[in-house]
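1. Okay, predicted coordinates and the sequence, questions at the end:
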Number of protein chains: 2
Amino acid sequence: MSDVMRAHSAAFGDMDDSKIDILNAAAEAFMRKGFAAASIDDVADILGCTKGRIYHHYRSKADLFFDVHLCGMAMDIGAVREAMSEGHDPLEQLYHMAVGHLTVIISNIAYQRVAVQGLEMHLTGATTPKQMKTLKQILLLRDEYEGLFASKIEEAMAAGQVPQQNTRLTVKAFLGSLNWTTIWYRERRNQSKEDRRKLVYEVATFALRGLGARVR
Amino acid sequence: MSDVMRAHSAAFGDMDDSKIDILNAAAEAFMRKGFAAASIDDVADILGCTKGRIYHHYRSKADLFFDVHLCGMAMDIGAVREAMSEGHDPLEQLYHMAVGHLTVIISNIAYQRVAVQGLEMHLTGATTPKQMKTLKQILLLRDEYEGLFASKIEEAMAAGQVPQQNTRLTVKAFLGSLNWTTIWYRERRNQSKEDRRKLVYEVATFALRGLGARVR
DNA sequence: CAAATACATACTACCTAGTAGGTTCTTTGC
DNA sequence: GCAAAGAACCTACTAGGTAGTATGTATTTG
């Protein structure tokens, strides 16, 4: 279990280390090949074990995927909830929320890419009846997450910090500029802490400005 | 062949109608299930034919996917190149480019979602040596496309219409807010022309503002 | 020491990409 | 106007890969 993971251990609930290792390997495999193309054996290979271990902890590939997705979202919500109280006005708080989200993304790129994959899957409706419960849970978390940003944007509108606009559409564009990072971001060898800070700052600033806020 | 498709027929080059029908069905199937999960039989079912027809026109599933991807990108580039000359200054032109891109997205959601899928795939490097040539072609188109926006953003910076900033990062956030539409947008029954216009306007405005431009 | 936990091994059943060869329709050369 | 050639499919098949299961084994725990 890496330090990065430990830092977000709240997202893993009460799992033991063995299960967390499985989740990390699954996130890696799903990121590399996608849900459909990644096999359970791929996950096992990353761990240097066999299927047996995975099926001992998870009933199906979909269940494993859902768990990765859930943990990814839990990381986001944790970071954003924490950031919501930083700053003295809605706009400052939105900035910290965006920074929190981006930081989670570049620190846990595998989980975050899987979460985006899951987003795309729900819409296609490709699941068995039994997994519906977990699906609802995920959609609920997603709505909650989007709601955090939406309500804060409306606070900023009410405070006159940003112009009046359609919140439903704006929050999509706002999160889009942040989430698109999961698509293009790659971990690089020569990437300094300063580079990452710059990335987070630049993208978060873009998102804030997108709302019509006067930034710096 | 639908009217919408005919409107972007330039993207299809000199294909005959039968091949275009296959492409449309493939775009639909790949959108619904993703590249890995969608089978050639799925595509054939949509057309009401058998595999034979598809393999008569395409050597492999990957080739078919690449062609959908290429057409999707060709639609984008066509619309954006056209929009580049509308408007009297860089900022106005950027607005028209964003509107063009968004219009293509919501008019050809299947092709555009496939293009995004393809984007995610290259990064994982999941192809045979022979397909490398097509892959290079796609990456070239993608760079060209991003370059259109990047250079226009730099023009706006030089003209003092937007503040100085890191173009490489900003263009990602800019295109992210637009491209994210492919993830959440759904065609709805009760969706009026006005609704779509509103969507395009709102998201394009967000992107322009994200650059730091004073919009309206 | 019994029972449960945490795996590994060895299968099966199914699905799907790709192929081989046949059939029908259309074009072309004369 | 017609035969030959090729284009545009369809049918029937194979080979390979993968999700999931059944069963065995070692290690821990009560």
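-> Yep, it's here. Numbers count the residues shown, from 1 in each chain, chains lettered A, B, ... in the order given.

2. and the residue nearest the centre of chain A, what element?
-> Ranked by distance to the mean C-alpha position of chain A (C-alpha atoms, centre = their mean), the top residue is A:Gln112 at 4.1 Å. When secondary structure is defined by DSSP states H and E, A:Gln112 falls within helix A:109-124.

3. re the thing from before, A:Gly72 is in contact with the residue nearest to the centre of chain A, correct?
-> Yes. With contacts counted by C-beta atoms under 8 Å, A:Gln112 reaches A:Gly72, the gap being 5.5 Å. C-betas here are computed from N, CA, C, even on glycine.

4. where do the helices sit along chain A?
-> According to DSSP state H, chain A carries its helices in the segments A:3-7, A:17-37, A:40-47, A:51-57, A:61-83, A:90-107, A:109-124, A:132-158, A:167-179, A:181-184, A:193-210.

5. so how far is DNA strand C from the residue of chain A positioned farthest from its centre?
-> With C-alpha atoms, centre = their mean as the measure, chain A has its most outlying C-alpha, relative to the mean C-alpha position, at A:Gly160: 29.6 Å. For A:Gly160, the distance to DNA strand C under the criterion C-beta to the nearest atom of the strand, to the nearest Å works out to 55 Å.

6. ok, now A:Val116?
-> Counting by C-beta to the nearest atom of the strand, the gap from A:Val116 to DNA strand C is 23 Å.

7. Kindly report the same for A:Asp143.
-> Following C-beta to the nearest atom of the strand, the distance that separates A:Asp143 from DNA strand C is 31 Å.

8. contacting residues around that residue?
-> With contacts defined as C-beta atoms under 8 Å, 6 or more residues apart in numbering or on different chains, A:Asp143 has no neighbours.

9. okay, it: pLDDT?
-> Each residue has a pLDDT score; the one for A:Asp143 is 94.

10. Ok, A:Leu70 next?
-> Residue-level pLDDT assigned to A:Leu70 equals 94.

11. still on that earlier bit, mean pLDDT lowest where, among the helices of chain A?
-> Among those, helix A:3-7 scores lowest, at a mean of 43.

12. on that earlier part again, for the residue farthest from the centre of chain A, give me the pLDDT.
-> The predicted local distance difference test score for A:Gly160 is 97.

13. what about it, distance to A:Val171?
-> To A:Val171, A:Gly160 is 19 Å away according to C-beta to C-beta, to the nearest Å.

14. same question, A:Ala79
-> According to C-beta to C-beta, A:Ala79 stands 17 Å off from A:Val171.

15. Same check on A:Glu86?
-> For A:Glu86, the distance to A:Val171 (C-beta to C-beta) stands at 20 Å.

16. Between those two, which has more neighbouring residues?
-> Each of A:Glu86 and A:Val171 has its neighbours counted (other C-beta atoms under 10 Å in any protein chain shown); A:Val171 has more, 22 against 13.

17. can you pull the buried residues of stretch A:189-208?
-> When burial is assessed from 16 or more other C-beta atoms under 10 Å in any protein chain shown, stretch A:189-208 yields the following buried residues: A:196, A:199-208.

18. Out of these, which comes closest to DNA strand C?
-> Closest to DNA strand C out of the buried residues of stretch A:189-208 is A:Arg196 (33.8 Å), distances taken as C-beta to the nearest atom of the strand.

19. That closest one is in contact with A:Ile106, isn't it?
-> Yes. If you go by C-beta under 8 Å, A:Arg196 and A:Ile106 touch, sitting 6.0 Å apart.

20. The residue in chain A that DNA strand C sits nearest to: neighbouring residues, count only.
-> With C-beta to the nearest atom of the strand, the shortest gap between chain A and DNA strand C falls at A:Gly52, namely 2.1 Å. A:Gly52 is surrounded by 8 other residues when neighbours are defined as other C-beta under 10 Å.

21. Would you mind listing the buried residues in stretch A:143-161?
-> Buried residues in stretch A:143-161, counted by 16+ other C-beta under 10 Å: A:145-146, A:148-150, A:152-157, A:161.

22. between those residues, which is closest to A:Gly13?
-> Distance to A:Gly13, by C-beta to C-beta, is smallest for A:Tyr145 among the buried residues of stretch A:143-161, at 17.5 Å.

23. how about that closest one, what does it touch?
-> Counting by C-beta under 8 Å, 6+ apart, the residues that A:Tyr145 touches are A:73, A:76-77, A:80.

24. Redo the helices of chain A as a markdown table? Include distance to B:Asp63.
-> What follows is those, written out as a markdown table (distance: least, C-beta to C-beta, whole Å):
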| stretch | distance to B:Asp63 |
| --- | --- |
| helix A:3-7 | 39 |
| helix A:17-37 | 17 |
| helix A:40-47 | 25 |
| helix A:51-57 | 33 |
| helix A:61-83 | 28 |
| helix A:90-107 | 33 |
| helix A:109-124 | 23 |
| helix A:132-158 | 34 |
| helix A:167-179 | 30 |
| helix A:181-184 | 24 |
| helix A:193-210 | 35 |
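
25. Can you pull up the residues of chain A that come close to DNA strand D?
-> Taking C-beta under 7 Å from any atom of the strand as the contact definition, chain A meets DNA strand D at A:38-41, A:51-52, A:55, A:59-62.

26. Neighbours of the residue nearest to A:His101 when sequence neighbours are not counted, how many?
-> Beyond its immediate neighbours in the sequence, the residue positioned closest to A:His101 (C-beta to C-beta, 6 or more residues apart in numbering or on different chains) is A:Leu178, lying 5.4 Å away. Using other C-beta under 10 Å, the number of residues around A:Leu178 comes to 24.

27. residues contacting A:Leu178?
-> A:Leu178 makes contact with A:98, A:101-102, A:105, A:203-204, A:207, B:176, according to C-beta under 8 Å, 6+ apart.

28. ok, A:Ser177 touching A:Phe206?
-> Yes. Taking C-beta under 8 Å as the contact criterion, A:Ser177 and A:Phe206 are neighbours in contact, 5.6 Å apart.

29. Assess the claim that A:Ala159 and A:Pro90 are in contact.
-> Yes. Between A:Ala159 and A:Pro90 a contact is recorded at 5.5 Å, counting by C-beta under 8 Å.

30. Tell me which residues touch A:Gly210, please.
-> For A:Gly210, the set of contacting residues under the criterion of C-beta under 8 Å, 6+ apart consists of A:170, A:173-174, A:177, B:177, B:206-207, B:209-210.
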